[in-house]
Structures are given as structure tokens and as C-alpha cells.
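Enquirer: below are the sequence and a predicted model for it; my questions follow.
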Amino acid sequence: MRTVDMTAPSFGLDNRINTCREPTVKDTLQSSTYATGTESSKAVDGCITQRYSSGCCMHTATDGRSSAYWAVDFNENIVIESIKIYYRDEPNTNQQKSRFGGYEIYISNSTSILSPCYEDTVSTISAVDLAPSITSCTGSARYLGVYVERSSRAYNWYSFSAVLEICEVEVYDCADGTFKSGTICDSCSSNCIGSTCDINTGECSACIDGFHGSTCDQLCSIGCSTGTCNQATGQCDGACSSGYYGAGCDSACSDNCLNGECEQYTGTCGACYDGYYGDTCSLSCSVKCATLACSQNGGKCSACSAGYYGIQCDTACPSNCLAKTCNQDDGLCLGRKTTSKNVLRASSNIAAIPRVEKGAKMALKNYVLFSED
């Protein structure tokens, strides 16, 4: 187990690390320093020129040490997706390749680094890449280190002492279209506008039409007439489609609403189909309504079947009403039946009139007094 002491003095605010998103100032350190102007911060200053004369490269001592390292502290866990290293590259590249060959990369959440996530194993000096892109060191980490070991030499072309000459290290966090999900970079929802999202939470800044929610994973109601809704609340952006109501237009109007239409926020029907009444046309008109039609407010029948009266035609007309018909509002008969007692009474009244002309008597006799016994 190798340990990198990250408690060594920092080198000031010029220690920045290049990332693909939100680059921030970071602390770096190295095992030794070759000369002034070759400190660890040179590997994160944004300069990728691979010449020592450019002043862009960190450089450890060349005094025969068996190991050398360079390390960075991100100050918090980040999700690493890839690493790009720019090593010193001079016209006589074999010297740099002999020093860089067999390098190892470590990532860890602590300063106790257990095993490398990448190890250079090329067997020939010509195969050493002085500007490698590393994609195998992925995951969540706070620390990253580059290490060379020369206590033993795997190949005779390796340098005898451990030296590092790194001009730039770029560490790429989750790329556009991905976000940090535990120890990996997960894809943003395809329902996010542009398929991009917050790198830390995965939340979408806006949704494509038809979706809502922080990650745009919920469908807008099919009742939204525009097919779009508020990302946070799911409320339809416009009116409801015919047949739906509610803030989210996700409730169906009553089947008894005329043409299936109702008020958007309350669900009150504009009108009812014949046979129903009430705000949502959920109540049945009285079966005694002549046409099975009644007023939406209160259920008053437009007319009663023969023999009934009242608002809902639920009271029988008096039995002596002619043809069992009476006034719908008060139940007064529209005509009364003729009885034998009435006829006799009428005849007596006619006989008691002495001076009535014959024609008038006959007319009076034929008159039936419609009054109850």
C-alpha cells in the first residue's frame, strides 16, 4: 500500500485543475522539485506545451531517487470520466520515454492509495505515449496521483532513477449529457431539453413537450389541449381538451354532461343530457317527468306525466280531477268529474227558476256545476 502525504504545504491559488465542467482552483503537490519554476502547479496551469523551455512543466529531482509522484486534491469527491496527460516531449524523446515508461495512475477517496487504476505496460520504448488519454480510471475520487517506481526495472530501457516531467494533467468530470450518479456518470433523461441536466443532481432545466417533473420522467395529462404542462406542478399550460377538467386536466367530465364538456376547474357541466340534472349531471330526473327532461338546477320537470304535479312530479293529482290532470305548480284540477248528485242539484235549481224562458231553462239544465260533493 502506498501513501501520498496530501498534508504538505499548498502552493497557492494558482493550483488549478482542468476539468470539462466548472474548473476550480485545486491543491497539488509532488515528491520533489527539480528547480524553481517546475513546481506541481505547472501541471494544472492550462498550458499544454510539452517543452521544458516553455515553463509549462512540473519536474521532480534527478538525484537518483527510486520513486517519484505528482498528486492533486479535488477537495471533494468528483466522478472521473477520463484523464489526459501531457508529458514533456523533446526532440530526443527517448530520454522522456525512458522516464515515463511504466507509470501508474491512482485515484482514491483517502490519502491511503491501495492499487492503481491504470499501469503502463508497454514493452518497447517506441510504444510509450507521451500524451495519453486514460479512460480506465473512472469513478468517484477525491485524490488523483501519477507515480513512477524505479526500485526495480521491468525493462532495461527504463531510466535508472525515478523522474516525472508532466506539463499538464486534465481530469474530466461527467461530460455534457451525463450526471454524477454515485460512482459513475449516468446519462441525463432523454426527456430533458437537449438531453442535458444538472451534473450533480441529474435534474433537467426544462422538459421536452409532453413531460414534467425534475427529471422530466412524468407524462403531462392527455387532457392538456396543447400537450404541454408546467414542469414543477404538471398543470396544463393551456385549456383542457374537451371531456377533461382539473388543474392537470386529468379528471374526466361526467358522461352525462352534454357533449362531454364541463368547466375546466370545477367539472361543472354546462348542460346535461335529458334525464339528468345537478352540477355534474349525476342525478336522475324523476320518472314522472313527461319527457324525462328536467332543469339542471334543482331537477324541475319541464312537464309532468298525467296524474302528477310538483317540482319533480312526485305528487299525485286529486282523484276527482278530470282525466287526472292538475296544475303542475299547485295541484289545482284543470277540470272535475260529473256526479249524479251534481246533476240532481242542477235540475232542482233549474225548476226553481219560474220565469226562465224555455230555451234558457234548457241551457241551464245542460250546465253541469263542477263542484265537489
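Expert: Okay, I see it.
Enquirer: ok, how many other residues are close to Ile134?
Expert: Number of residues near Ile134 (other CB atoms under 10 Å) recorded here: 17. (Each C-beta comes from the backbone N, C-alpha and C, glycine too.)
Enquirer: ugh, wrong one, Gly299
Expert: Neighbour count for Gly299, taken as other CB under 10 Å: 18.
Enquirer: just the pLDDT at the residue nearest to Thr315 when sequence neighbours are not counted, thanks.
Expert: Leaving aside its sequence neighbours, Thr315 sits nearest to Tyr309 (CB to CB, 6 or more residues apart in numbering; 5.6 Å). For Tyr309, the model assigns a pLDDT of 95.
Enquirer: okay, now the closest residue to Asp120 other than its chain neighbours: neighbour count?
Expert: Nearest non-adjacent residue to Asp120, counting by CB to CB, 6+ apart: Tyr103, 5.0 Å away. Close neighbours of Tyr103, defined as other CB under 10 Å, add up to 23.
Enquirer: show me what contacts Tyr103?
Expert: Glu119, Asp120, Val146, Tyr147, Val148, Leu164 (CB atoms under 8 Å, 6 or more residues apart in numbering).
Enquirer: quick check on those residues: which are buried?
Expert: With burial judged by 16 or more other CB atoms under 10 Å, the buried subset of the contacts of Tyr103 is Asp120, Val146, Tyr147, Val148, Leu164.
Enquirer: narrow these to those in strands?
Expert: Val146, Tyr147, Val148 (DSSP state E).
Enquirer: quick one on the thing from earlier: closest to Gly270 out of the buried ones among the contacts of Tyr103?
Expert: Val146 (74.5 Å; CB to CB).
Enquirer: test my guess that the closest one contacts Phe100.
Expert: No: with contact defined as CB atoms under 8 Å, Val146 does not count as touching Phe100 (9.4 Å).
Enquirer: burial measure for the residue nearest to Arg88 when sequence neighbours are not counted, as a count.
Expert: Nearest non-adjacent residue to Arg88, counting by CB to CB, 6+ apart: Glu165, 3.8 Å away. Neighbourhood size, Glu165 [other CB under 10 Å]: 26.
Enquirer: may I have the strands that pair with the strand or helix carrying Ser140, each with its orientation?
Expert: In this assignment (DSSP states H and E), Ser140 forms part of strand 139-149. Strand 139-149 pairs in its sheet with strand 67-80 (antiparallel), strand 104-108 (antiparallel), by DSSP bridges.
Enquirer: going along the chain from the longest one, find the next helix or strand for me.
Expert: Think strand 67-80. Counting by DSSP H and E, what follows strand 67-80 is strand 82-87.
Enquirer: identify the residues contacting the spatially most central residue of the chain.
Expert: When the chain is reduced to its mean C-alpha position, the nearest residue by CA atoms, centre = their mean turns out to be Gly213, at 1.5 Å. Going by CB under 8 Å, 6+ apart, Gly213 touches Cys207, Gln231, Gly234.
Enquirer: what's the overlap in contacts for Val146 and Phe100?
Expert: With CB under 8 Å, 6+ apart as the test, Val146 and Phe100 both reach Leu164.
Enquirer: tell me which of the strands paired with strand 139-149 lies nearest to Leu332.
Expert: The nearest among these, by CB to CB, is strand 67-80 at 88.2 Å.
Enquirer: the residue nearest to Thr315 against Cys321, yeah?
Expert: No: look at Tyr309 against Cys321 with CB under 8 Å: they stay out of range, at 9.6 Å.
Enquirer: anything in contact with each of these two?
Expert: With CB under 8 Å, 6+ apart, Tyr309 and Cys321 have no common neighbours.
Enquirer: okay, and for the chain, where does confidence drop off?
Expert: Along the chain, the parts satisfying pLDDT under 70 run over 1-25, 113-114, 336-373.
Enquirer: about what we covered before: could I get the strands paired with strand 139-149 as a markdown table with distance to Leu283 and mean neighbour count?
Expert: Shown next, in a markdown table, are these (distance: least, CB to CB, whole Å; neighbours: other CB atoms under 10 Å):
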| stretch | distance to Leu283 | mean neighbour count |
| --- | --- | --- |
| strand 67-80 | 61 | 20 |
| strand 104-108 | 71 | 20 |
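Enquirer: nearest to Cys240, of these?
Expert: That would be strand 67-80 among these, by CB to CB, at 42.7 Å.
Enquirer: got the CA positions of the closest one in CSV?
Expert: Extracted as CSV, the C-alpha positions of strand 67-80 are listed here (Å, rounded to 0.1, in the frame of the first residue of the first chain):
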residue,chain,number,x,y,z
SER,A,67,10.2,6.8,-6.8
ALA,A,68,8.5,10.0,-7.8
TYR,A,69,4.9,11.1,-7.7
TRP,A,70,2.6,14.1,-8.6
ALA,A,71,-0.8,14.4,-6.9
VAL,A,72,-3.9,16.6,-6.8
ASP,A,73,-6.6,17.1,-4.2
PHE,A,74,-10.0,17.9,-5.6
ASN,A,75,-11.2,19.0,-2.2
GLU,A,76,-14.3,16.9,-2.7
ASN,A,77,-15.3,13.7,-4.4
ILE,A,78,-15.8,14.1,-8.1
VAL,A,79,-16.8,11.5,-10.7
ILE,A,80,-13.9,11.0,-13.0
